[in-house]
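Chemist: With the sequence up front, the predicted model follows.
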Amino acid sequence: MTDVRLHIDDSGGGGRPVVLIHPWPLAAESWAPQTDALVSAGHRVVRYDRRGFGRSDKPAHGFDYDTLAGDLDRVLAELELDDVALVGHSMGGGEVARYVSVFGEQRVRSVVLLAAVPPFLLQGDDNPEGPLPEDGYRQMREQLDADREAFLDGFVRSFYSNADGLQASEQQVAAGIALALGSSPAAALATMDAWATTDFRDDIGTITVPTLVLHGDGDQLTPFEGSGRRTHETIEHSELVLVPGGTHGLNLTHAEACNAALLEFLER
């Protein structure tokens, strides 16, 4: 479905490009704290709304990771981007892993997996360390389908919470909920299926470029032990930065620590 129009924000000058792939269920605007910091450091920053989200087209189909990785490839090709750092947050980390697996690393300088869903969230007999039980996934899906607004309100609050509670302001939460409600219902459900059930264990094994695994130890949605730690152990050359108290949305709630880690890694 290459006719699907993606909304792209392209900021900064001619510096080394950084492509930011947003988390579920938000949109590219969620990267505002990183965009300002990266542009100030001289990077060209590209962020886009995933199909079905934000200001991009909202087709009825095309929400599997192969198609979404194809969208990322299209963004890189259309903007003629090379020597790129790919930064994937949460669901976006899956797109980065699948992109490298399918399209290779010819355009890629480095990878950042931020609170990312790999290697495989759904718990099962062949994935006992998966942090998402089957019944938990089914319950989330049913709640999203039954009462979209209530579910997204609760999910965004969990997104910005750690064990000590909510780490964002009510204004920030409201902005996140508004972004989430900008997704189409079909896209929200189908992409939940994608990030919850896709196995990225083989995909992350194909990553050979410098890699940063950036995670919060207070992440309530993709707990570090079941996701970030396993990814770091699989990508043996990867660097790990674990942010104390960091939420799933640590790019906002712990923006200073997140930006410092990103800039230190990207500027090598």
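Modeler: Ah, there it is.

Chemist: mind listing what the most centrally placed residue in the chain touches?
Modeler: Nearest to the geometric centre of the chain sits residue 89, at 2.3 Å (Cα atoms, centre = their mean). Contacts for residue 89 (Cβ atoms under 8 Å, 6 or more residues apart in numbering) come out as 20-23, 30-31, 114-116, 251. Heads up, the C-betas are built off the backbone N, CA and C, glycines and all.

Chemist: and of these, the nearest to residue 225?
Modeler: Taking Cβ to Cβ as the measure, residue 115 is the one of the contacts of residue 89 closest to residue 225, at 13.1 Å.

Chemist: Do I have it right that that closest one meets residue 248?
Modeler: Yes - in this structure residue 115 lies within contact range of residue 248 using Cβ atoms under 8 Å: 5.1 Å.

Chemist: residues shared between the contacts of the two?
Modeler: Taking Cβ under 8 Å, 6+ apart as the contact rule, residue 115 and residue 248 both touch 23, 90, 216, 219, 221-222.

Chemist: Settle it for me: which of residue 115 and residue 248 has more neighbours?
Modeler: The neighbour comparison of residue 115 against residue 248 (other Cβ atoms under 10 Å) goes to residue 115, with 31 against 26.

Chemist: ok, so what distance separates that one from residue 37?
Modeler: Remark: distance between residue 115 and residue 37 (Cβ to Cβ, to the nearest Å) = 17 Å.

Chemist: cool, and residue 188?
Modeler: From residue 188 across to residue 37, the span is 29 Å (Cβ to Cβ).

Chemist: Between the two, tell me which one has more neighbours.
Modeler: residue 188 (22 against 18).

Chemist: How about the contacts made by the more buried one?
Modeler: 24-25, 52, 144, 148, 152, 180.

Chemist: Then it would be within a helix, right?
Modeler: Yes - counting by DSSP: H, G, I helix; E, B strand; the rest coil, residue 188 is found in a helix.

Chemist: May I have the phi/psi pair for residue 103?
Modeler: Reported as degrees, to the nearest 10, the phi and psi values for residue 103 are phi -110, psi -10.

Chemist: That one reaches residue 69, doesn't it?
Modeler: Yes - between residue 103 and residue 69 a contact is recorded at 6.9 Å, counting by Cβ under 8 Å.

Chemist: Same drill for the two, tell me which one is more crowded.
Modeler: Set residue 103 next to residue 69 and count neighbours by other Cβ under 10 Å: residue 69 wins out with 22 against 16.

Chemist: and the more buried one, what is it in contact with?
Modeler: 95, 98-99, 101-103.

Chemist: now do 7 Å
Modeler: For residue 69, the contacting residues are 95, 98-99, 102-103, by Cβ atoms under 7 Å, 6 or more residues apart in numbering.

Chemist: Can you convert those residues into CSV and add a column each for pLDDT, secondary structure and distance to residue 196?
Modeler: Shown next, in CSV, are the contacts of residue 69 (pLDDT from 0 to 100; DSSP: H, G, I helix; E, B strand; the rest coil; distance: Cβ to Cβ, whole Å):
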residue, pLDDT, secondary structure, distance to residue 196
95, 98, helix, 15
98, 98, helix, 15
99, 98, helix, 19
102, 98, helix, 20
103, 98, helix, 24
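
Chemist: partners of the residue nearest to the centre of the chain in the sheet?
Modeler: residue 114 (DSSP bridges).

Chemist: Make residue 1 into 526 and carry on from there
Modeler: Sure, I'll start numbering at 526, so the last one becomes residue 614.

Chemist: and it, how far is that from residue 741?
Modeler: Residue 614 is 12 Å from residue 741, where distance means Cβ to Cβ.

Chemist: and for the two, which residues touch both?
Modeler: Residues within reach of residue 614 and of residue 741 at once, by Cβ under 7 Å, 6+ apart, are residue 640.

Chemist: tell me the secondary structure for the closest residue to residue 688 other than its chain neighbours?
Modeler: Of all residues not flanking residue 688 in the chain, residue 743 sits nearest, at 5.8 Å (Cβ to Cβ, 6 or more residues apart in numbering). Classification of residue 743 by three-state DSSP places it in coil.

Chemist: Thanks again, I'm all set now.
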